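Engineer: only the shape, not the letters, is given here:
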């Protein structure tokens, strides 16, 4: 950054050598929304949800085989920062859903706090992690992580808040995931991608189905719960949405 810097906040854009100087964090921004679709798309217009015949998409969480992580905010010398997500995104996975946008028509500067609002149903009865990870996919198809976050859901508490009497796969729960702050330049022609899963091991400890911290130390491998089904809703009535702060409007 310049030695003549006079602003209290100075950040460098990921994927760019540019430095931004601003008076506050997060900066003033345009709030952008991208809607998840059941055909694994990310769309800028809510109207696209009304045209889709499918409204849900499922994945499975298995505590005995947690989804691995690649990169991210970590102190690990070998598995931190921006990493190629190829092995995480391989097509035979049933424990992860990818939502991918069409190639961007112009540059997008995402600067600030990113979050996702997801409507889910699950067969889990005690606890479930919901992880959202924003990635940028190059013109050559290489996907690299940008930011990510985890929300640990106490199923019974979420069930009560939603007005249901008991946990059930028929219930629809509204979950917010904070992906944290970021500042990155998304180039024209590249695609935005969102991962939704329930594990990122060893970045986060696997969810063993317990809501009591005191009981975690007593859980053995043989005590792990069986696989849980997770259903993501992506309809006009229950839209799952990625919220991003942009320095300038995209559409």
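Structural biologist: Structure's in. What do you need? Quick caveat, the model's predicted, so the values are computed rather than measured. Numbering: from 1, shown residues only.
Engineer: can you read off the pLDDT for residue 226?
Structural biologist: Looking at residue 226, its pLDDT is 83.
Engineer: if you could redo that for residue 111, that was the one I meant.
Structural biologist: The model's pLDDT for residue 111 equals 95.
Engineer: and it, which of the three is it?
Structural biologist: strand (DSSP: H, G, I helix; E, B strand; the rest coil).
Engineer: report how many residues lie close to it.
Structural biologist: By the criterion of other CB atoms under 10 Å, residue 111 has 23 neighbours. In short, each C-beta sits where N, CA and C put it, glycine included.
Engineer: element containing residue 156, please.
Structural biologist: If you go by DSSP states H and E, residue 156 is part of helix 155-161.
Engineer: can you pull the buried residues of that helix?
Structural biologist: Neighbour-count burial for helix 155-161 flags 155, 158-159 (criterion: 16 or more other CB atoms under 10 Å).
Engineer: same question, stretch 65-79
Structural biologist: 66-67, 69-72.
Engineer: show me what that stretch is in contact with.
Structural biologist: For stretch 65-79, the external contacting residues (CB atoms under 8 Å, 6 or more residues apart in numbering) are 61, 80-85, 87-88, 93, 95-96, 133, 144-145, 148, 180, 197-204, 206.
Engineer: quick check on the residues you listed: which are buried?
Structural biologist: 61, 82-83, 85, 88, 95-96, 133, 144-145, 148, 197-200, 203-204, 206.
Engineer: helix, strand or coil: sort out residue 21 for me.
Structural biologist: strand.
Engineer: which helix or strand contains the residue lying closest to residue 232 once chain neighbours are set aside?
Structural biologist: With CB to CB, 6 or more residues apart in numbering as the criterion, residue 232 has its nearest non-adjacent residue at 5.3 Å, and that residue is residue 57. According to DSSP H and E, residue 57 maps onto strand 56-61.
Engineer: quick one: list the elements packing against that strand.
Structural biologist: Applying 3 or more CB pairs under 8 Å, 6 or more residues apart in numbering; DSSP states H and E, we find strand 56-61 packed against strand 96-100, strand 191-197, strand 228-233.
Engineer: partner strands of the longest one, parallel or antiparallel?
Structural biologist: In this case it means strand 191-197. strand 96-100 (antiparallel), strand 127-137 (antiparallel) (DSSP bridges).
Engineer: deepest in the core, which of those is it.
Structural biologist: strand 127-137 (a mean of 24; mean count of other CB atoms under 10 Å).
Engineer: ok so, going back, report the angle between the strand holding residue 57 and strand 191-197.
Structural biologist: Between strand 56-61 and strand 191-197, the angle comes out at 60 degrees (axes from the mean of the first three to the mean of the last three CA atoms, to 10 degrees).
Engineer: mean confidence for strand 56-61?
Structural biologist: 96.
Engineer: same thing with stretch 120-140?
Structural biologist: On average, stretch 120-140 scores 95.
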